[in-house]
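A.B. asks: Predicted model and sequence follow; I will ask about them next.
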Amino acid sequence: MAERATFRVKRGLAEMLKGGVIMDVTTAEQARIAEEAGAVAVMALERVPADIRAAGGVARMASPRVIKEIQEAVTIPVMAKARIGHFAEAQVLQSLQVDYVDESEVLTPADEAHHIDKHAFEVPFVCGATNLGEALRRIGEGAAMIRSKGEAGTGNIVEAVRHLRGIVGGIKRLGTLGREQLASEAKELGAPLEIVEEVAEGGWLPVPLFCAGGIATPADAALVIQLGAEGNFVGSGIFKSEDPERRARAIVEATTHFNDAERVAEASIELGEPMRGDDIARLATEGELLQQRGV
Amino acid sequence: MTGIDPAPPESDTGSRLRIGVLASQGDYAAHARVLESLGAVSLEVRTPDALGELDGMVIPGGESTTISKAIERDGLRDAIRSHVEARRPILGTCAGMIVCDREHLGLVDAVARRNAFGRQIASFEAELEMSGLGPEPIRAVFIRAPWIEEHGSEVEVLASIDGRPVAVRQDQVLLCAFHPELTDDSRVHALLMAMATAARRRTANEERGSRSA
């Protein structure tokens, strides 16, 4: 008998996206550019994070009209973002048959205490995390894919690097603990014990781990793959740069050939200006960082 | 479980089978794990020079548009074609099935239809009987999967769903619309390795033949 929406089927699509680049797009035209450049999927948004940051106000799920236009424009998977805890937005996205829902801190949270119960959905979810405990909590809630939060819309990779090092380092640490230490470690992490045990035994998350939040250059893409990310989300880094088409192709190439510095160098030539980029410390003094939402 | 002997004793062939997995994009690491568990040496293939000394090859699941663009960008097309022309086996799963079809690498006389079962919400797993694997069905995971829309008479259909071919073979090319690398059932990979072993023996015999002639 055919079974849909099993966890293996949900996680399966994330497995297929590994080694690839998922690109934020706001129009059908951008989606076509992304697909042509070799993106493995696109993320449909009303505004890219850098513009959300600049515009202020409440950031919500993209309009169904934009999502449908993007679905019609490309054959690769189409993802879309729902606000943290906003299960009704997620229901709408599922009814639109998006391929993945990103329960995202980039949008304004709808619930300060609860994330969406992702087990209740047939559509798979990806969630952001800044450390291992957060990643395992999201997996416990049903996320079939984890990404670093980084600091979206900044073009600054420093936060994503911190988050990846934290998650990958945390996984390695679990492997060094004895079975009797795992219960207190689970409590420390604020994560379900059975998932902590699974990670300790398997040596990796039970779902794919991608990087998001701050990738602006091919070298950024190569850096985070070498740090353990299994694929990349690029938000503002492409369509806020001078030559999105070439930059998109170059980031795809660097994600595949992450270990070949000559290829990354070659891909980085004559790309035009990257997005401008922000200093995190300055942003932090001005107000809330996106990564602090929904932990 | 398998009834398929994936690899002969080492004394028979000199060394472990070397199977390359195209690592441009996709779930290549999952394939590598299965191949290693069956005793093969698995190698990540991103450039043509990595394709020279392989006994067999896998084109994994992933995004077929991304993988075919990478094949063109990285000059892999001719290297993969010569691999198959040397009658060495290749396994393509999901995106790999599409990439090998007549409209892409042209390794089989068949055309795959992309996303034939629909978007992710329609993805599924099911028990599937596949000829060549023995009577026990295989747990088949279909992710935004293709099927074979049409094919020539050289193409043998090994498994179908509602009359749509989802596993086919033409000579040394074995294609599945589903993902054997995502389950614990390694019979499809064992079949690839049995094909690779046969190819190695054939090459050895031909070399002996040409030496003695």
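C.D. replies: Good, I have the coordinates. As the structure is a prediction and not an experimental result, all values here were calculated from the model.

A.B. asks: which residues in chain B form strands?
C.D. replies: Here chain B has its strands, by DSSP state E, at B:18-22, B:41-45, B:56-59, B:90-93, B:110-113, B:124-128, B:138-142, B:147-151, B:156-161, B:164-170, B:173-176.

A.B. asks: host element of residue A:90?
C.D. replies: In this assignment (DSSP states H and E), residue A:90 forms part of helix A:87-95.

A.B. asks: Next secondary structure after that helix?
C.D. replies: Downstream of helix A:87-95, the next assigned helix or strand under DSSP H and E is strand A:100-104.

A.B. asks: average pLDDT across the helix or strand just after that following strand?
C.D. replies: Per DSSP H and E, the first helix or strand lying C-terminal to strand A:100-104 is strand A:125-129. Strand A:125-129 carries an average pLDDT of 98.

A.B. asks: is strand A:125-129 up against chain B anywhere?
C.D. replies: No: Strand A:125-129 stays out of contact with chain B when judged by C-beta under 8 Å from any C-beta of the partner chain, the minimum separation being 11.5 Å. Just so you know, the C-beta spots here come from the backbone N, C-alpha and C atoms, and that holds for glycine as well.

A.B. asks: what about the longest helix in chain B?
C.D. replies: In terms of residue count, the longest helix belonging to chain B (DSSP state H) is helix B:187-212.

A.B. asks: residues of it that come out buried?
C.D. replies: B:187-197, B:199-200 (16 or more other C-beta atoms under 10 Å in any protein chain shown).

A.B. asks: circling back: so which of the strands of chain B gets nearest chain A?
C.D. replies: strand B:124-128 (4.3 Å; C-beta to the nearest C-beta).

A.B. asks: quick check: angle from the closest one to strand B:138-142?
C.D. replies: Put simply, strand B:124-128 runs at 150 degrees to strand B:138-142, going by axes from the mean of the first three to the mean of the last three C-alpha atoms, to 10 degrees.

A.B. asks: Please give the centre-to-centre distance between strand B:124-128 and its chain.
C.D. replies: 19 Å (C-alpha atoms, centre = their mean, to the nearest Å).

A.B. asks: who's in contact with that strand?
C.D. replies: Outside strand B:124-128, the residues that touch it by C-beta atoms under 8 Å, 6 or more residues apart in numbering or on different chains are A:1-4, A:6, A:8-9, B:117, B:137-142, B:159, B:161, B:166-167, B:178.

A.B. asks: Correct me if wrong: residue A:109 contacts residue A:294.
C.D. replies: Yes: if you go by C-beta atoms under 8 Å, residue A:109 and residue A:294 touch, sitting 5.5 Å apart.

A.B. asks: Identify the contacts common to these two.
C.D. replies: Counting by C-beta under 8 Å, 6+ apart, the residues touching both residue A:109 and residue A:294 are A:84, A:85.

A.B. asks: So these two - more neighbours on which side?
C.D. replies: With neighbours defined as other C-beta atoms under 10 Å in any protein chain shown, residue A:109 and residue A:294 compare such that residue A:294 has more, 25 against 19.

A.B. asks: Report the contact partners of the more buried one.
C.D. replies: A:84, A:85, A:103, A:105, A:109, A:115, A:128.

A.B. asks: excluding its backbone neighbours, what's nearest it?
C.D. replies: Nearest non-adjacent residue to residue A:294, counting by C-beta to C-beta, 6 or more residues apart in numbering or on different chains: residue A:84, 3.9 Å away.

A.B. asks: Would you mind giving the buried residues of helix B:187-212 as CSV with distance to residue A:18 and pLDDT added?
C.D. replies: Shown next, in CSV, are those (distance: C-beta to C-beta, whole Å; pLDDT from 0 to 100):
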residue, distance to residue A:18, pLDDT
B:187, 24, 98
B:188, 20, 98
B:189, 18, 98
B:190, 24, 98
B:191, 24, 98
B:192, 21, 98
B:193, 23, 97
B:194, 28, 97
B:195, 26, 97
B:196, 25, 97
B:197, 29, 96
B:199, 29, 95
B:200, 30, 93
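
A.B. asks: Let me have those residues in JSON lines, adding distance to chain A as columns.
C.D. replies: Below are the buried residues of helix B:187-212 laid out as JSON lines (distance: C-beta to the nearest C-beta, whole Å):
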{"residue": "B:187", "distance to chain A": "18"}
{"residue": "B:188", "distance to chain A": "16"}
{"residue": "B:189", "distance to chain A": "16"}
{"residue": "B:190", "distance to chain A": "21"}
{"residue": "B:191", "distance to chain A": "21"}
{"residue": "B:192", "distance to chain A": "19"}
{"residue": "B:193", "distance to chain A": "22"}
{"residue": "B:194", "distance to chain A": "26"}
{"residue": "B:195", "distance to chain A": "24"}
{"residue": "B:196", "distance to chain A": "24"}
{"residue": "B:197", "distance to chain A": "28"}
{"residue": "B:199", "distance to chain A": "28"}
{"residue": "B:200", "distance to chain A": "29"}
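
A.B. asks: nearest to residue A:120, of those residues?
C.D. replies: Set against residue A:120, the nearest of those by C-beta to C-beta is residue B:188 (33.5 Å).

A.B. asks: Test my guess that the closest one contacts residue B:176.
C.D. replies: Yes: Residue B:188 is in contact with residue B:176 according to C-beta under 8 Å; the separation is 6.2 Å.
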